[in-house]
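Q: give me coordinates for this.
(one chain, ligands or ions: 2)
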Amino acid sequence: MRYILYGVGAVGGVVAAALTEAGHEVLGIARGARLEALQANGLAFRSANGSRRYRLDLREAPSEIEFRPDDAILLLVKSQHTADALAALRDAGVDEQPIYCCQNGIANERTALRLFPNVHGVTVMLPAQFDALDEAVACCAPEFGVFDIGRAPSGADDDDRALAEALTPGGIRGYVDPAVMVSKYGKLILNLGNVVEAAVGRGAKTGPVAEILREEAKQVLAAAGIAWRDVGQDDPRRDLMRPAEVEGVTRSGTSSTQSLARGAGSIETDYLNGEIVLLARLHGVPAPANEAMCRLAARLVRKGSGPGGVRAAEVHAMVGLPPP
Ligand SMILES: NC(=O)C1=CN([C@@H]2O[C@H](COP(=O)(O)OP(=O)(O)OC[C@H]3O[C@@H](n4cnc5c(N)ncnc54)[C@H](OP(=O)(O)O)[C@@H]3O)[C@@H](O)[C@H]2O)C=CC1
Ligand SMILES: CC(C)(CO)C(=O)C(=O)O
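A: Ligands and ions are numbered 1, 2, ... in the order given. Okay, the predicted model is just below:
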């Protein structure tokens with residue numbers, strides 16, 4: 001199987017390193033200054049085990065690729081970039097190849113299923129970042145991360161088993177999960193604090209505001225009749241991946257914080273907290289705290305704000321909490 005990695009950012013970079021290290025054929029799709037740096041220097045992969053540089057085969061767009069029946073496509077772009085990526089894949093002739101949504105949130109699978117028959121979900125438990133443009137950092141050890149892998153909306157097949165087996169030797173423990181979306185809803189609950197950290201700064205993703213967002217989300221999911229499974233710190237597999245020192249690297253925060261820090265011009269909040277807001281509206285229940293966080297994220301992007309510039313008291317007030 002050839003693995004096409006659509007998006008060679010933080011998580012995509014770690015996946016590229018893991019699959020390449022295990023001897024698999026990998027082709028990456030990247031863009032802009034990141035593509036130029038990766039082409040010029042290769043990928044500098046850093047982890048608790050040290051640093052290694054990998055030469056990657058890269059393209060700027062799917063139109064530059066001759067797709068094969070044995071390709072598996074891993075979507076590793078942020079959710080707000082999924083629709084464009086999928087359209088480009090279809091224009092380039094992709095049809096029945098498996099498409100793996102290796103992304104937070106649960107909206108990507110539905111978007112993919114509108115265009116493609118063979119869609120799979122992946123729960124990505126793998127904190128990663130890049131500071132230099134030619135870099136990818138895996139922030140946990142001894143495993144870089146844990147992936148739940150299965151078909152969307154449910155089931156599992158030989159391609160899922162092959163992907164789990166391909167990732168595991170390179171440091172990403174793959175688990176085939178026929179109820180992967182149940183796992184992904186659990187991960188969605190964890191990610192509701194991303195925007196709080198992006199706004200206020202480190203530590204806020206697990207504080208009292210995040211707790212309100214998560215409790216509200218659980219009520220909304222219950223009203224919508226949606227099952228979820230805890231994949232947080234009580235999941236015993238978390239022992240496989242503990243935050244680790246990586247020489248010369250300071251953890252920059254969640255993927256949403258990284259978007260603000262890079263001035264990316266967009267943030268994933270509408271697909272995280274916004275998913276809860278959407279479900280609440282569809283099912284006639286309130287979600288004022290998550291709504292407030294979507295407004296806050298839109299404001300931060302509109303103003304070009306960096307991470308950590310909002311006072312905690314302001315965010316507390318937005319969700320009805322007294323000042324900290
Ligand atoms: N980072 C983390 O620690 C974790 C992230 N996740 C999830 O994984 C997913 C990926 O996140 P992450 O790796 O952080 O994201 P990044 O922004 O680091 O990487 C995505 C990369 O894809 C590129 N890209 C987007 N659209 C295209 C396109 N059309 N063509 C070529 N390249 C494109 C982006 O470029 P550009 O910058 O120009 O947009 C960027 O380089 C998200 O859903 C995130 O929530 C899950 C767990 C942890
Ligand atoms: C769990 C966490 C917060 C890891 O960084 C993540 O999923 C993200 O960054 O989006």
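
Q: report the mean confidence score over the strand or helix carrying residue 277.
A: According to DSSP states H and E, residue 277 maps onto helix 273-283. The pLDDT scores in helix 273-283 average 98.

Q: against ligand 2, how distant is the residue of the chain found nearest ligand 1?
A: When scored by Cβ to the nearest ligand atom, the chain has residue 9 as its residue closest to ligand 1, at 1.7 Å. For glycine as for every other residue, the C-beta is placed from the backbone atoms N, C-alpha and C. Distance, residue 9 to ligand 2, using Cβ to the nearest ligand atom, to the nearest Å: 11 Å.

Q: that residue against residue 34, yeah?
A: Yes. If you go by Cβ atoms under 8 Å, residue 9 and residue 34 touch, sitting 7.1 Å apart.

Q: now do stretch 295-304: everything it contacts.
A: With contact meaning Cβ atoms under 8 Å, 6 or more residues apart in numbering, stretch 295-304 is reached by 195, 198-199, 256, 260, 263, 265-267, 269-270, 273, 305, 310, 315, 318.

Q: hang on, the earlier thing: quick one: list the elements packing against the helix holding residue 277.
A: helix 208-224, helix 288-302 (3 or more Cβ pairs under 8 Å, 6 or more residues apart in numbering; DSSP states H and E).

Q: now render those as JSON lines, adding mean neighbour count, mean pLDDT and distance to ligand 2.
A: Shown next, in JSON lines, are these (neighbours: other Cβ atoms under 10 Å; pLDDT from 0 to 100; distance: least, Cβ to the nearest ligand atom, whole Å):
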{"stretch": "helix 208-224", "mean neighbour count": "19", "mean pLDDT": "98", "distance to ligand 2": "11"}
{"stretch": "helix 288-302", "mean neighbour count": "19", "mean pLDDT": "98", "distance to ligand 2": "13"}
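
Q: I'd like those helices as TSV, with distance to residue 1 appended.
A: Below are the helices and strands packed on helix 273-283 laid out as TSV (distance: least, Cβ to Cβ, whole Å):
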stretch	distance to residue 1
helix 208-224	34
helix 288-302	37
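
Q: dump those into JSON lines; add distance to ligand 1 as well.
A: As requested, the helices and strands packed on helix 273-283 are exported to JSON lines (distance: least, Cβ to the nearest ligand atom, whole Å):
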{"stretch": "helix 208-224", "distance to ligand 1": "16"}
{"stretch": "helix 288-302", "distance to ligand 1": "13"}
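
Q: what's the angle between the helix holding residue 277 and helix 288-302?
A: 140 degrees (axes from the mean of the first three to the mean of the last three Cα atoms, to 10 degrees).

Q: does any part of helix 273-283 sit near ligand 1?
A: No. Applying Cβ under 6 Å from any ligand atom, one finds helix 273-283 out of contact with ligand 1, separated by at least 12.1 Å.

Q: show me the contacts for the residue nearest the centre of the chain.
A: With distances taken as Cα atoms, centre = their mean, residue 103 lies nearest the centre of the chain, 3.5 Å away. Residues near residue 103 by Cβ under 8 Å, 6+ apart: 75, 76, 77, 78, 79, 82, 122, 124.

Q: if we go to 6 Å?
A: Contacts for residue 103 (Cβ atoms under 6 Å, 6 or more residues apart in numbering) come out as residue 79.

Q: again, but for the one 5 residues further on
A: The neighbours of residue 108, taking Cβ under 6 Å, 6+ apart as the test, are 79, 82, 101.

Q: can you pull out the helices in the protein?
A: Along the chain, the segments classed as helices by DSSP state H run 10-21, 32-41, 82-91, 107-115, 158-167, 180-191, 194-200, 208-224, 255-261, 273-283, 288-302, 312-318.

Q: let's have those in a markdown table, adding distance to residue 129.
A: Converted to a markdown table, the helices of the chain look like this (distance: least, Cβ to Cβ, whole Å):
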| stretch | distance to residue 129 |
| --- | --- |
| helix 10-21 | 5 |
| helix 32-41 | 13 |
| helix 82-91 | 21 |
| helix 107-115 | 21 |
| helix 158-167 | 19 |
| helix 180-191 | 16 |
| helix 194-200 | 13 |
| helix 208-224 | 20 |
| helix 255-261 | 6 |
| helix 273-283 | 21 |
| helix 288-302 | 19 |
| helix 312-318 | 23 |
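
Q: so which of those helices is the most packed in?
A: Greatest average neighbour count among the helices of the chain goes to helix 194-200 (a mean of 28), per mean count of other Cβ atoms under 10 Å.

Q: show me what that helix is packed up against.
A: Applying 3 or more Cβ pairs under 6 Å, 6 or more residues apart in numbering; DSSP states H and E, we find helix 194-200 packed against helix 255-261, helix 288-302, helix 312-318.
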